[in-house]
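Enquirer: The following comprises the amino acid sequence and a computationally predicted model.
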Number of protein chains: 2
Amino acid sequence: MQSDFSKTRAEFDLPEGVIYLDGNSLGPLPRGVSARVSQAIHAEWGQMLITGWNKAGWMELPTKIGDRIARLIGAETGHVVLGDTLSIKVFQALASALDLNPGKKIILSDDGNFPSDLYMAQGLCQMLGDGYELRTVAPEAVMEAITDEVAVLMLTEVDYRTGRRHDMPALTAKAHEHGALAVWDLAHSAGATDVRVAEGGADFAIGCTYKYLNSGPGGPAFIYVAPRHAEKVRPALSGWLGHEAPFAFDLDYRPGSGIERMRVGTPPVLQMVALDAALDVFDMVEIDDLRARSLELTDAFIAAVEARCPDLVLATPRAHALRGSQVSFRHPEGYAIMQALIARGVIGDFRAPDIIRFGFTPLFTSFEDVAAAVEILAEILETGAWDRPEYKTRARVT
Amino acid sequence: MQSDFSKTRAEFDLPEGVIYLDGNSLGPLPRGVSARVSQAIHAEWGQMLITGWNKAGWMELPTKIGDRIARLIGAETGHVVLGDTLSIKVFQALASALDLNPGKKIILSDDGNFPSDLYMAQGLCQMLGDGYELRTVAPEAVMEAITDEVAVLMLTEVDYRTGRRHDMPALTAKAHEHGALAVWDLAHSAGATDVRVAEGGADFAIGCTYKYLNSGPGGPAFIYVAPRHAEKVRPALSGWLGHEAPFAFDLDYRPGSGIERMRVGTPPVLQMVALDAALDVFDMVEIDDLRARSLELTDAFIAAVEARCPDLVLATPRAHALRGSQVSFRHPEGYAIMQALIARGVIGDFRAPDIIRFGFTPLFTSFEDVAAAVEILAEILETGAWDRPEYKTRARVT
């Protein structure tokens, strides 16, 4: 297959006058979503009522969509399931991994991990007591910090601030050498990079779908469990839809087969079908093409910004192997610069204390977008247009 | 306000030829939902993109809708929040309650509780180890089983099989006398009965919204924390949206104010707005009228079935105080009888081993529905129309 990115771009309805470089916060609306959600509301919920669980196939959505995600993250078919939020899936993966590795009590992570991952780990350690502890080091110090003490290595593959990408195979291999399991958060990599969880040896992987996968605000999360653990893992959050026979209404929990046991409660059908429709766009491309396109876009952006904006300091690694699909620059007035950009239709994001970040979604970002965005950014910096009081008032940014 | 139930019924689009007595499994589609979801997709997600979190008010939906639910369950304003699934909320409430009551290790429940509640408790006890234990007794034996050993009493107010309603104030008072906290699951009571969590003294309450609250398949769950615990409780599932300052991206978790701390991950916006629209119908009625209407409907159904169908044995209590908003009968061929009913457009539900159950939703069930359903049920029993092989093959029933 030859991936044609002008065709995938045509699958998105982007607002007039907007250059959207924030698909790594919230992916835009794919054209197919609205009709699919409307069908689920009227023809399924409205007409089938309770029988929709079987007739419309709602009950199987979490595993069927899981197989579609599996292709995008290099996972084995039948080992990914959708459900809950990413924070819940972090908890589930961590608790399950600790349970598979009794006797050790350290969760190792880095301070570039998304805070909610750290918070969930802190809450879990507090709940478990008994010496369980989250240890965080700098991203560059992770490799060295993997010792025999570590029970679980928990990392986000691509740093939400800098776009730095961890070396999943190398870090996972070292974790395994030291008897630790590896939990990988793919929130900022799935759908825009060539994630390879099976090849990388990941024990668990988790991710959200509302960023590069474009499922819409609050779309469900996913979890991957390596086949070698699938029938051994105890799911920690043992809900009825992870039961071997949910509709037998037994009084005792018995885990379902393989990845099914990582299901918990009733799946959010409207969000699930939105995601399902959003994934259709990925059927038009090969993952290696997606990765190549992403690197071309970020290369072009870095080169143009460095040529035009000498005051911005690159925070994203130049080496392709160390880069996700976003580019970040530092500037002491980063917040105001981003507000000025947004006011001119270039939507990126700011992360404290001084990072402006730009996400590049191969499915819809074009080289024209890159050139136009750099033009506007350069003009803002050259004219000092960011230096206005209304750009310096901090509103809540997501 | 005079509640007019012909007006609320007009707010639902029910399929032609269907008498829907399964709103306690999945509520039907309220007319206002589709337009609201469509607005969220096109005008909000599509046009506002990431700014929808602030501009469209997505971030506040969980607490704003929480206040609407509070009115329906007799809770104090500002003490209910939406999010996750009911199973996750069971876990969160239980773990938080155990943490508030250290030193005791018994969770007491009954074997009429919904199995997922028991499974989540079993998973939690296994995770905590150290003597934590779920103890289940018969529903009638709960009062006597509340002893000083009990840390948390966890009950579902209305039994999903029989429709039997527990005495929340009396059981909670006894739990408190013995130094236990009470967690109440309102899945089968919220929206169809006069739930009163504040008056009943509940410490925590949880519930789902896709039954009598009509939010659609997989709609979000809710959690209530009594004001006396709101600033003390440690949320157990400590996600970023429960943080005091989620967008500061601190490395350490600090719980947010009051009920905000029970938020975990990013809320499912499409399901949230569907719920918000569904709740508009409740603005047309008073809770006491809803409860009165529910009892009139179930009284009428019980009387008519007992007059016409001598082979069916009532499983639901006759006393109003002990009844939710469903009526169940036992029959050894209950499964086949329910299939025959469904084939004739009367949609109820079967629960093993021998229960046929009928949910009455005051918002849309009419006395004509009751009469017509009984007519069809009587005919099926009188003619033996249920005795066909295709009605005896068990398919998965939700």
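Expert: Right, received. Where do you want to start? Residues are numbered from 1 along each chain as shown, chains lettered A, B, ... in the order given.

Enquirer: hey, where'd the strands end up in chain A?
Expert: For chain A, strands defined by DSSP state E occupy the ranges A:19-20, A:80-82, A:106-110, A:133-137, A:150-156, A:181-185, A:204-207, A:222-225, A:313-314, A:326-330, A:346-347, A:349-351, A:355-359.

Enquirer: Those: lowest mean pLDDT?
Expert: In terms of mean pLDDT, the lowest-scoring of the strands of chain A is strand A:349-351 (a mean of 94).

Enquirer: could you measure residue A:363 against residue A:23, distance?
Expert: 8 Å (Cβ to Cβ, to the nearest Å). C-beta coordinates here come from the backbone N, C-alpha and C atoms, glycine included.

Enquirer: what touches both of the two?
Expert: Residues touching both residue A:363 and residue A:23 (Cβ atoms under 8 Å, 6 or more residues apart in numbering or on different chains): A:212, A:214.

Enquirer: Residue ranges of each domain in chain A, please.
Expert: A:5-31+A:286-392, A:33-283 (automatic domain parsing).

Enquirer: Name the nearest residue to whichever residue of the stretch 151-300 of chain A sits closest to chain B, ignoring sequence neighbours.
Expert: In the stretch 151-300 of chain A, the residue that lies nearest chain B is residue A:265 (2.7 Å; Cβ to the nearest Cβ). Of all residues not flanking residue A:265 in the chain, residue B:85 sits nearest, at 2.7 Å (Cβ to Cβ, 6 or more residues apart in numbering or on different chains).

Enquirer: ok so, going back, turn the strands of chain A into TSV, including distance to chain B.
Expert: Output for the strands of chain A, formatted as TSV (distance: least, Cβ to the nearest Cβ, whole Å):
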stretch	distance to chain B
strand A:19-20	6
strand A:80-82	11
strand A:106-110	10
strand A:133-137	7
strand A:150-156	13
strand A:181-185	12
strand A:204-207	11
strand A:222-225	13
strand A:313-314	20
strand A:326-330	14
strand A:346-347	6
strand A:349-351	7
strand A:355-359	10
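
Enquirer: want to throw the ones you listed into JSON lines with mean neighbour count?
Expert: Listed next are the strands of chain A as JSON lines, based on neighbours: other Cβ atoms under 10 Å in any protein chain shown:
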{"stretch": "strand A:19-20", "mean neighbour count": "23"}
{"stretch": "strand A:80-82", "mean neighbour count": "29"}
{"stretch": "strand A:106-110", "mean neighbour count": "24"}
{"stretch": "strand A:133-137", "mean neighbour count": "18"}
{"stretch": "strand A:150-156", "mean neighbour count": "26"}
{"stretch": "strand A:181-185", "mean neighbour count": "28"}
{"stretch": "strand A:204-207", "mean neighbour count": "30"}
{"stretch": "strand A:222-225", "mean neighbour count": "30"}
{"stretch": "strand A:313-314", "mean neighbour count": "14"}
{"stretch": "strand A:326-330", "mean neighbour count": "25"}
{"stretch": "strand A:346-347", "mean neighbour count": "24"}
{"stretch": "strand A:349-351", "mean neighbour count": "21"}
{"stretch": "strand A:355-359", "mean neighbour count": "26"}
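
Enquirer: right, and those - which one's nearest residue B:98?
Expert: With Cβ to Cβ as the measure, strand A:133-137 is the member of the strands of chain A nearest residue B:98 (20.8 Å).

Enquirer: For residue A:10, which residues are in contact?
Expert: Under the criterion of Cβ under 8 Å, 6+ apart, residue A:10 has no neighbours.

Enquirer: quick one: pLDDT of it?
Expert: On pLDDT, residue A:10 comes in at 97.

Enquirer: do the same with the one 3 residues further on
Expert: Residue A:13 carries a pLDDT score of 85 in this model.

Enquirer: check contacts around it.
Expert: By Cβ under 8 Å, 6+ apart, the residues touching residue A:13 are A:28-31, B:46.

Enquirer: Taking the residues you listed, please make a ChimeraX selection of just the buried ones.
Expert: With 16 or more other Cβ atoms under 10 Å in any protein chain shown as the criterion, this ChimeraX line picks the buried residues out of these:
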select /A:28,29,30 /B:46
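
Enquirer: Rebuild the contacts of residue A:13 as TSV, extending it with distance to residue A:315 and pLDDT.
Expert: Converted to TSV, these look like this (distance: Cβ to Cβ, whole Å; pLDDT from 0 to 100):
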residue	distance to residue A:315	pLDDT
A:28	25	98
A:29	29	98
A:30	30	98
A:31	34	97
B:46	31	98
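
Enquirer: For the residue nearest in space to the middle of chain A, give me its contacts.
Expert: Most central in chain A under Cα atoms, centre = their mean is residue A:187, positioned 1.4 Å from the mean C-alpha point. By Cβ under 8 Å, 6+ apart, the residues touching residue A:187 are A:86, A:114, A:156, A:158, A:160, A:207-208, A:211.

Enquirer: buried sites along stretch A:97-108?
Expert: For stretch A:97-108, burial by neighbour count (16+ other Cβ under 10 Å) applies to A:97-101, A:104-108.

Enquirer: between the residues you listed, which is closest to chain B?
Expert: residue A:99 (7.6 Å).

Enquirer: Identify the residue spatially nearest to that closest one, adjacent ones excluded.
Expert: Among residues not flanking residue A:99 along the chain, residue A:234 sits closest, at 5.3 Å (Cβ to Cβ, 6+ apart).

Enquirer: Could you do residue A:92 as well?
Expert: Nearest residue to residue A:92 in three dimensions, chain neighbours excluded: residue A:237, at 5.0 Å (Cβ to Cβ, 6+ apart).

Enquirer: again, but for residue A:277
Expert: residue A:36 (3.8 Å).

Enquirer: Check whether residue A:156 really touches residue A:113, as I assumed.
Expert: Yes. Under the criterion of Cβ atoms under 8 Å, residue A:156 makes contact with residue A:113 at 5.0 Å.

Enquirer: Mutual contacts of these two, please.
Expert: Taking Cβ under 8 Å, 6+ apart as the contact rule, residue A:156 and residue A:113 both touch residue A:185.

Enquirer: Pick out the residue of the stretch 51-200 of chain A closest to chain B.
Expert: Taking Cβ to the nearest Cβ, the stretch 51-200 of chain A has residue A:85 as its residue nearest chain B, at 2.7 Å.

Enquirer: returning to what we had before: just so I know, which of the strands of chain A lies nearest residue A:269?
Expert: strand A:80-82 (11.2 Å).

Enquirer: Mind listing the strands the closest one pairs with, and their directions?
Expert: Strand A:80-82 has the following strand partners under DSSP bridges: strand A:222-225 (antiparallel).

Enquirer: returning to what we had before: just send the strands of chain A back as a markdown table, with distance to residue B:122 too.
Expert: What follows is the strands of chain A, written out as a markdown table (distance: least, Cβ to Cβ, whole Å):
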| stretch | distance to residue B:122 |
| --- | --- |
| strand A:19-20 | 46 |
| strand A:80-82 | 21 |
| strand A:106-110 | 24 |
| strand A:133-137 | 26 |
| strand A:150-156 | 23 |
| strand A:181-185 | 23 |
| strand A:204-207 | 22 |
| strand A:222-225 | 20 |
| strand A:313-314 | 51 |
| strand A:326-330 | 42 |
| strand A:346-347 | 46 |
| strand A:349-351 | 41 |
| strand A:355-359 | 42 |
